[in-house]
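**Q** Quick one: sequence plus predicted model below, questions after.
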Amino acid sequence: MNYIGLTRRSFILGLSALGLSGCGWHLRGKQNVPFKTIYIALGENSAVRATIRRNLEAQTEVKVVNDRKEAEAIFELLGQSRGSNVLAYNSDGRARIYSLRLTNTFRVVLQNGVELLPTTTVSATRELIRDESDENGRANQERLLYEEMEQSCIHQMVNRMTHISEETVQKGMHELE
């Protein structure tokens, strides 16, 4: 690459960075939650629990504890369901395109049982195009899509927790006194 091409590329990258800084874009950083500790009411070896924990610790200042009695707040996953629908058929009448859906229902409560975040449902959907010649590839693709949807749902759940207000926590702590 010659000097002029390198200079032009550097100039364009510099303009892009300047444009992003001027529009107010910045990394999200740590988000606030109005409690210091949380217990995730799922099995110790649950992959979903581990992912929720990782996301909470990366995105917030909250500490995930292993003993329910030590936690200010408790995360409860009330249900998870998967489903699929056929969106299109091929010329032979076989299903060709599917819509995959993953739904999670959860809530966050205080140690005294008062709900900080009432029963909430988050979901994700993806399309799966079936390749009739590669059944193993389709199964692998479906598994990967469900993993991606699970990540999306967990991100949504953590995001919802960051929208719990300090006022809600204070009100809940004094509700059963």
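**A** Arrived safely, thanks for sending.

**Q** And the helix or strand hosting residue 122, what does it pack against?
**A** Of the helices and strands defined by DSSP states H and E, residue 122 is found in strand 115-129. With contacts defined as 3 or more Cβ pairs under 8 Å, 6 or more residues apart in numbering; DSSP states H and E, strand 115-129 has these neighbours: strand 73-89, strand 95-110, helix 135-161, helix 166-175. C-beta coordinates here come from the backbone N, C-alpha and C atoms, glycine included.

**Q** and among those, the most buried is which?
**A** Sort those by mean neighbour count, taking mean count of other Cβ atoms under 10 Å, and strand 95-110 sits at the top with a mean of 18.

**Q** Next, the angle strand 73-89 makes with it.
**A** In terms of direction (axes from the mean of the first three to the mean of the last three Cα atoms, to 10 degrees), strand 95-110 departs from strand 73-89 by 170 degrees.

**Q** Please state the offset of strand 95-110 from the chain centre?
**A** Centroid displacement of strand 95-110 relative to its chain, using Cα atoms, centre = their mean, to the nearest Å, is 11 Å.

**Q** Mind checking the pLDDT average for it?
**A** In this model, strand 95-110 carries a mean pLDDT of 95.

**Q** same deal with stretch 67-86?
**A** Regarding stretch 67-86, the rounded mean pLDDT is 96.

**Q** Contacts for that stretch, please.
**A** When contacts are defined by Cβ atoms under 8 Å, 6 or more residues apart in numbering, stretch 67-86 is touched by residues 35-42, 48, 52, 65, 95, 97-111, 116, 119, 128, 146, 157, 161, 169.

**Q** what do you get for stretch 147-158?
**A** Stretch 147-158 has contacts (Cβ under 8 Å, 6+ apart) with 48, 51-52, 55-56, 59-60, 75, 100-104, 106, 120, 122-126.

**Q** just stretch 34-49 next, same as before
**A** Contacts to stretch 34-49, defined as Cβ under 8 Å, 6+ apart, come from residues 52-53, 56, 61-68, 70-77, 80, 108, 116, 150, 154, 164-166, 168-169.

**Q** Then stretch 121-130?
**A** 84, 87, 94-106, 138, 141-142, 145, 148-150, 152-153, 156-157, 160.

**Q** one more time with 6 Å, if that's ok
**A** With Cβ atoms under 6 Å, 6 or more residues apart in numbering as the test, stretch 121-130 has contacts from 96-105, 138, 142, 145, 149, 152-153, 156-157.

**Q** where does the chain have low pLDDT?
**A** Filtered on pLDDT under 70, the chain yields the residue ranges 1-11, 13-29, 135, 176-177.
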